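> model this:
(3 chains)
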Amino acid sequence: MAETHLEVYRRFEGTLHEHRLRAWPIWTTGLRTALKQRRALLLLYLPPVIATVIFSFVVYLGFMASEQLERESPFEGLGEGDIQERLASGVVMGVVSGGLKMLEVTRQIIEFNKAMGFFALLAVAWFGSGLFCEDRKAGAHQLYFARPITRLDYFLGKFGVAAFFGLCAMLVPPLVICLVASISSPEWAFLKEEWDVIPRAIALAFLWTTVVTLLVLLASSLAARRSFALIGVFGFFMLSGAMSQALGHLVSRRFFALSLGDDLNTLGSQILGRSDAGLPVSPGEAWVAVSVFVAFALVVIAARLRRLEVVA
Amino acid sequence: MSAVLVAEQLGRYYGQVVGLNDLTTEIAGGVVGLVGPNGAGKSTLLRLIAGEIRPSRGSVRVLGHEPFANRELFRVLGFCPQQDALYEDMTGFDIVRLLLRLGGFAPAEAKARAERALERLSLTARMHDKVRTYSKGMRQRVRIAQAIAHDPRLLVLDEPMTGLDPLGRREVLELLRELGSSGTHVLFSSHILYEVEHLTAEIVLIHRGRLLAKGALPEVRALLSKHPRRVELSARRPRELARALIEWPEVVSVRVQPGAGAEEHLALETRDVGAFYRRLTGLAARERFGISSLCSADASLEAVFDYLVT
Amino acid sequence: MSTFWSATLILFQAHLKRTFFSKRALISAGLCCLPVAASLLIATISRFEGPPPLEVVLHMGWFLHVQTIVPLVALIVGSAVVAEEIEDRTITFLFTRPIPRAAILVGRYLAALVLLVVVLGASSALVIRILSGLHGAEGQEIVMPAGFQLRLFACVLLGGAVYSAVFAALGALVKRPVLVGIGYCFVFEGLLANLPGQNQKLTVLYYLKSLLLGGNAELLPMFSETLAPLELATPAAAVRTLVLILVAALAIGARRLASREYVLAA
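As a prediction, this is how the structure comes out:
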C-alpha cells in the first residue's frame, strides 16, 4: 500500500490523554539535554558548592567549639606547659566561637541565602535563555505542538527545566547549611529555636527562582537568538537598576521599585524576617512591582506561545 | 597537466571525531563526483579544499596552493557550501554582486556578471527580491550562482542539488556538464548516486573518513574482483541456456527467474565479465537459444557503492 | 587603493544599510530613547520641584547614559560584527573571496560604528539639550560648567566606539562573545571601575571619567566623591588611551580572524 510522509506538522486537535503530567516528558528531556553540558554545570555550580562547603564547616566548627568551651574548665589541674598549650587552643576556639557568636548563624544563613540569588540568576539564564528561541529557530516547537500537549504543558515543561537549575543554586545550599547547623548544634538547638529559617529560606528560593525564571523565559520568547535573550536578561537588570536609581533620586522614591533586583532584595528581607532600613524599596511597593512584572511576563509569554503554535 | 587536487595523508579531526583520515590521492581534473554515505567525510574534504578549515595532519594542495586563507587560490576557486546560509535581508542579485565586487571586479562588470550568473540559474525574475522570500531551491540557486559568477577554474560544490526540484536538478546538472565541457574543473558531492552517474563517470568514494575508491566507474567496478558481476539475460530457451552456461569456469552461479507472463530470465554471476561476454558471443552464434536481451545489473554506481560501503 | 581598504569599503557600503535596518538597530534605538524619556520626565517634574542640578547631570549623563546605555548598545551592535556572520554561517562566502580577512572585521565594524554614532549621538544630544533647559528648585537656571556638554557628548560617542570595538573583537576571539561581553560589562568594568585603587585604570570607564572630568578644576571637586576617587588622567591622555584600546582591540580581533578556522555546522 502506498504511503506518504509529508513534513508538515499540524496542531494536535484530538482528545488529550487523561493523565495530568503531560509536561513531564518535556521537563525530563530538557533536563537530560541540559545536564550534558558538564563544563557549564561545573563553572556555574562550583562557586556555590565551595561556598556551601566552607560555610557548613564554619557553622560546624563554631558549634563544636562553643560546646567544648562550655563543657570544659580550661585550666583545671594543669601544669605551666599545658596551660600555655590550652591557652593557645583556647584562643583558636575562642576566635571560632566568638566569631560565630558575632556572625550569628541565623543571620549568616539568611545572608548566604540571598547571596545565592546571583548564582541562581546565572544558572537560570544559562540553561533557560535558549528554551523558547532555540526551539523556534530549529522548528522543534512544531514537533511539540503536533503532539497531544497544550501550550500550558509546553510552558510548564520548559519552566521546570530553567527553575530546576535555579532551585539547585538557591535552595540546596541553605538547606544543607541548615542541616549541618541542626546536627551540630547542641541538643538540636538550631531546630528548636530557629526552625522558621528553613521554611523562610524555601519560600525565598521559590519566589526568587520563579521571578527570575519568568524573566529569562520572557526574554527567550521575545528573542530570535539565545544571545539576544541573554543580553535581554542582563540588560534588563542593568537598565532597570540604572533607571530606578536615576528616577528614584531625581523624581520620586517610588521609582526605586523599577529595579527588579532591589524589589527581590526587599522581599527577601521581609520573607526572612529581617527589616533592613537601608533598602530603597518598601515591601508593599516591592510586592506590587514584582506582581506586575510576573503578570506582564505571563501575558507576554502566553501571547508568544500562541504564535508559536502551528496552524498549518 | 598538474593535478587539481593533491592530498597527502590528509586527516582532519573534530576533537575525538574523525572527519577525514589518512587520505592520499590526486585528482587530475574534469568533472568529479564525491560520493559516500552521511558522515563519510565528504563535506570535510570539500571544506579543506575550499580553505575553510585546516588539516589536522597531512597536507592538501589545490591548483598548487595550500588552500587555508589563500587569496591567490580564491581568485580561481568557486565554492558552494552545503549550509543553507545566505544574507536573508539582501536580494539574490545584491549578494552575488557583493561577492563579485569582493573578488575584485569593477562595479559595472560585477553587475553584468551577477545578472548573467543568476540568469544561468533561471533566477532573473526574482533576483531583486529579498532572499528571505525565496524557496529552498531558489536559495540553492543563489549559492550556486555566487560560486560560478567569477568563472572559476575549479568549482567545488557541496551537495549542489539539495532543495532543488526535479526540473532544477536537471538544469543544474546541465549547467555543471556545460561548465565541465568548457574546461572548468568541477568537484561536487552528492548523495544521489543516479545524478552523479549521469553527470560523470569519475568518482571519489569515501567512507568513514577514508578513501574507498577513485577513478572511472567501470574501472572501479572491475577492480572489485571479490564481488562477482551480475548479468541478466532473456532468452527463448532459458533453461537450456542455463545448463550450457553453468559449465563455464568464469560463471559462478545461474538462476532462472520468472519474468512477465510465462517468460523466464536468467540471472548469473561471473568472475570475469570480459571473458564471459566473449564466450557468450561465440555461443550465441553457434547455438540458437534466442537471446533477446543482455544487461549488466551491477555496474552502476549504486552497486559499487553498496559493495564498498556495506 | 590596497586590497584591504577597497574590500573594507565594499563591505562597509554593503553592510551599512543592512545594519541600519536590522533588529539590533531597532533595539538599540529603543534603548537610546529611554534616557531621553527619563530626561523629559525629569524636565516635566522639575517645573514643580527641581532636583539639585549636579545630581541630574550625574545620574542622567553618567550613570544612565555612559555607564549603562553605552555599553549595552555597544554590546548589541558590536557583538554582531563578526559573530553574526559566524552564527548565520555566511562567513564562508567572505572567507572564500580574495580579500584579507581583517577587512571583514573592519568593514563591518565601521558600518556598526555609524549606527552607534547616530543613535547614541542623537540620544545624548537630546538628553543634554533637555537637561540644559532645566531650572533649579528656586527657579534659577542650571548652568552647566563650560565645555561639560561637549565632554559628555564625546564620552558617549567615544565610549560607544571603544566598547563596540572590544565586543567586535570578542566576536572573532571567542565562541560566545555575548556571554563574555556581558561578563566584561557587569563584572570586569562594573566591579573594577568602582573599586578603590589603581585597578580602575584597567577599565574603559576610568578613561571616560577622565575625559569627562580630568583636568577641570571646576568640575573635579563636584564629582570627586562619587565618580573620581582617584587621580584622573588628562582628557588628552584619556582620548589617546581610548583610541589605543580601540585600535588594539580591532588589531587583535583582525589578527585572530585571519588565522582562526571556524567550524560551521552544516
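> only C-alpha atoms for contact and neighbour calcs from this point on.
OK.
> Give me every residue in chain A lying close to chain B.
Residues of chain A lying close to chain B (CA under 8 Å from any CA of the partner chain): none.
> give me the number of residues near the closest residue to chain B within chain A?
Nearest residue of chain A to chain B, counting by CA to the nearest CA: A:Ala138, 12.8 Å away. For A:Ala138, the neighbour count with other CA atoms under 10 Å in any protein chain shown is 9.
> With C:Ala25 instead?
C:Ala25: 20 surrounding residues under other CA under 10 Å.
> Equivalent analysis for A:Gly284, please.
Neighbour count for A:Gly284, taken as other CA under 10 Å: 12.
> can you tell me the helix or strand for it?
helix A:283-308 (DSSP states H and E).
> what comes up buried for that helix?
Buried residues in helix A:283-308, counting neighbours by 16 or more other CA atoms under 10 Å in any protein chain shown, are found at A:283, A:285-287, A:289-290, A:293-294, A:297-298, A:300-302, A:304-305, A:308.
> Can you tell me the closest non-neighbouring residue to B:Trp104?
Careful, residue B:104 is Gly and not Trp. C:Pro98 (7.8 Å; CA to CA, 6 or more residues apart in numbering or on different chains).
> just checking, what packs against the helix holding A:Gly284?
Applying 3 or more CA pairs under 8 Å, 6 or more residues apart in numbering or on different chains; DSSP states H and E, one finds that helix A:283-308 contacts helix A:197-222, helix A:260-271.
> now those helices as CSV including mean neighbour count and distance to chain C?
Output for the helices and strands packed on helix A:283-308, formatted as CSV (neighbours: other CA atoms under 10 Å in any protein chain shown; distance: least, CA to the nearest CA, whole Å):
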stretch, mean neighbour count, distance to chain C
helix A:197-222, 23, 12
helix A:260-271, 22, 14
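> Where among the ones you listed is average confidence lowest?
Ranked by mean pLDDT, those end with helix A:260-271 at the bottom, a mean of 86.
> same for that one, what does it pack against?
Helices and strands touching helix A:260-271, by 3+ CA pairs under 8 Å, 6+ apart, are helix A:197-222, helix A:226-250, helix A:283-308.
> thinking again about what came up before, nearest to B:Val256 among the buried residues of helix A:283-308?
Lowest distance from B:Val256 to the buried residues of helix A:283-308 (CA to CA) belongs to A:Leu308, with 59.1 Å.
> Report the helix or strand with the lowest average pLDDT across chain A.
Every helix and strand of chain A was ranked by mean pLDDT, DSSP states H and E. The lowest is helix A:80-103, at a mean of 50.
> what's the angle between the helix or strand that comes right after it and helix A:226-250?
Following helix A:80-103 in sequence order, the next helix or strand is helix A:105-128 (DSSP H and E). Using axes from the mean of the first three to the mean of the last three CA atoms, to 10 degrees, the inter-axis angle of helix A:105-128 relative to helix A:226-250 is 140 degrees.
> immediately after helix A:105-128, which helix or strand?
According to DSSP H and E, the helix or strand after helix A:105-128 is helix A:133-138.
> Which strands and helices lie in contact with that next one?
Here helix A:133-138 touches helix A:197-222, going by 3+ CA pairs under 8 Å, 6+ apart.
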